[in-house]
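Chemist: What follows is a predicted protein model with its sequence.
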Amino acid sequence: MKYKQFLHWTVLVPVIAGVYYLLGFMNNTPLSNIVGGALLFCSVMAAVHHAEVVAHKVGEPYGTVILAICITILEVGLIISFMLSGGDGAITYARDTVFAAVMLILNGILGICIWVGSRKYKEQFFITNSATTYLVALVAILVLTLILPNYTSTELGPFYSEAQLVFVSLACLTIYGTFLMFQNVRHRNYFVEEKKNHTAHEADPPTTRRTLLSLVLLVIGLAVVIFMAKGLSPVIEAFVDSVGAPRELVGVIIASMVLLPEGVAAIRAARNNQIQSSINLGLGSALASVGLTIPTISAVCLAYDIPFVLGLDMKSIILLALSVFIVMLSLSRGKTNHLYGTVLLVNLAAYIFTVIVP
């Protein structure tokens, strides 16, 4: 049995994908791009599996924190690699990707989770204090990083000066660090739903050996996904240019790939009537995506003297404000229904449509 564990597809796929990339088989031909895309998708799904194994072992809410940090590592790795390569959209790539990730999480992941869960169970219940805590921290970080740069006067345009970048980075880390202490130490009960009497038998936690193997494979899988996505980025950019869409769509596509593991895990939890885990995954990932990504990107850009835009345009600010407001209303009563999920998915469609047709 232990040999079958090492021959499982979730073990073999990241290894095959890594070898495929390192041996230079991604040579920008149609066949290599198709194979590379398939390996990328399978590697993401393998990362989902290993992240869930580790999360199941450590339990809630630590498991959702691990998943959120893994997604942030993916996002930071992709953004930094693209910015250092100095492409056409390098100056706005960090902003566009972070904004796309937040919009996809708030409207897409949460919307699908609420919609799927309510279709199956009519109403699902969660701890209101958890959603409030997430949103308080998230709104503060979003305003500081994506809106305030438009209204400062030290630098013209939607830029922060070096001193402002340092301050905002420290502010983000302070808020996120305090939130982690709040979530995992002082008020852990806000984020862990009480066990109910289920007729279905819950799976036993994995063994320590299996957990360590999954942790190693998770790290390998995250690295593979970053490199494979970077290798396929010219194909994605060429596709976006061929259809005449703005370059912001590239950020949406990359953010979608990065968030796929989180989305699958969150939707699976909603289908299992664990909407609290879905909210922890979704809002926790959004908070980590901004609260950790922006300080990391700022540090790299300051070190390499790379200018980058943070402030959003007015259209994006309106869509972001609408999304945050709808999420606040949807999560204010401690229960979900079908309408909330539908409205969030319509917001997602409006966001993607206005990216393609600005």
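Modeler: The structure has been received and is ready for your questions. Numbering: from 1, shown residues only.
Chemist: From now on I want contacts and neighbour counts done on CA atoms only, so please keep to that.
Modeler: Noted.
Chemist: Spell out, range by range, the strands that occur in the protein.
Modeler: Secondary structure of the chain (DSSP state E): strands at 124-125, 335-336.
Chemist: deepest of the ones you listed, which one?
Modeler: With neighbours defined as mean count of other C-alpha atoms under 10 Å, the strands of the chain peak in mean count at strand 335-336, which reaches a mean of 20.
Chemist: What pairs with that strand, parallel or antiparallel?
Modeler: strand 124-125 (antiparallel) (DSSP bridges).
Chemist: Can you list the buried residues in stretch 170-186?
Modeler: Using 16 or more other C-alpha atoms under 10 Å as the test for burial, stretch 170-186 gives 171-173, 175-176, 179-180, 182-184.
Chemist: Check what pLDDT the closest residue to Ala90 other than its chain neighbours gets.
Modeler: Of all residues not flanking Ala90 in the chain, Met83 sits nearest, at 4.8 Å (C-alpha to C-alpha, 6 or more residues apart in numbering). With respect to pLDDT, Met83 scores 72.
Chemist: residues contacting Met83?
Modeler: Residues near Met83 by C-alpha atoms under 8 Å, 6 or more residues apart in numbering: 90-91, 93-94.
Chemist: how about a cut-off of 10 Å?
Modeler: Counting by C-alpha atoms under 10 Å, 6 or more residues apart in numbering, Met83 makes contact with 89-94, 297, 300-301, 306-308.
Chemist: which of those tops the neighbour count?
Modeler: With neighbours set by other C-alpha atoms under 10 Å, the maximum within the contacts of Met83 is found at Ala94, which has 26 neighbours.
Chemist: what's the spacing between the closest residue to it other than its chain neighbours and Asn272?
Modeler: Of all residues not flanking Ala94 in the chain, Ile79 sits nearest, at 5.9 Å (C-alpha to C-alpha, 6+ apart). Between Ile79 and Asn272 the computed distance is 34 Å (C-alpha to C-alpha, to the nearest Å).
Chemist: Among those two, which residue is more densely surrounded?
Modeler: Taking other C-alpha under 10 Å, Ile79 and Asn272 do not tie; Ile79 has more neighbours (26 against 13).
Chemist: pretty sure the more buried one contacts Gly251?
Modeler: Yes: using C-alpha atoms under 10 Å, Ile79 is in contact with Gly251, at 9.3 Å.
Chemist: intersection of neighbour lists for those two?
Modeler: Joint contacts of Ile79 and Gly251 (C-alpha under 10 Å, 6+ apart) are 93-98.
Chemist: Could you check how far the closest residue to Pro261 other than its chain neighbours is from Asp96?
Modeler: Nearest-residue entry for Pro261: Val48, 4.8 Å, with adjacent residues in sequence omitted and distances by C-alpha to C-alpha, 6+ apart. According to C-alpha to C-alpha, Val48 stands 24 Å off from Asp96.
Chemist: And Ser214, by the same measure?
Modeler: Ser214 is 32 Å from Asp96, by C-alpha to C-alpha.
Chemist: cool, and Asn273?
Modeler: Counting by C-alpha to C-alpha, the separation of Asn273 from Asp96 is 33 Å.
Chemist: So for the two, which residue has more residues nearby?
Modeler: Between Asn273 and Asp96, counted using other C-alpha under 10 Å, the more crowded position is Asp96 (25 against 20).
Chemist: The residue lying closest to that one once chain neighbours are set aside - how many residues pack around it?
Modeler: Among residues not flanking Asp96 along the chain, Gly251 sits closest, at 5.7 Å (C-alpha to C-alpha, 6+ apart). By other C-alpha under 10 Å, the residues close to Gly251 number 24.
Chemist: from memory Gly251 sits against Val102, does it?
Modeler: No: using C-alpha under 10 Å, Gly251 is not in contact with Val102; the gap is 11.6 Å.
Chemist: Which parts of the protein are helices?
Modeler: 2-6, 9-22, 30-58, 62-85, 90-103, 110-121, 128-142, 162-181, 208-242, 248-271, 275-291, 293-304, 314-330, 338-356 (DSSP state H).
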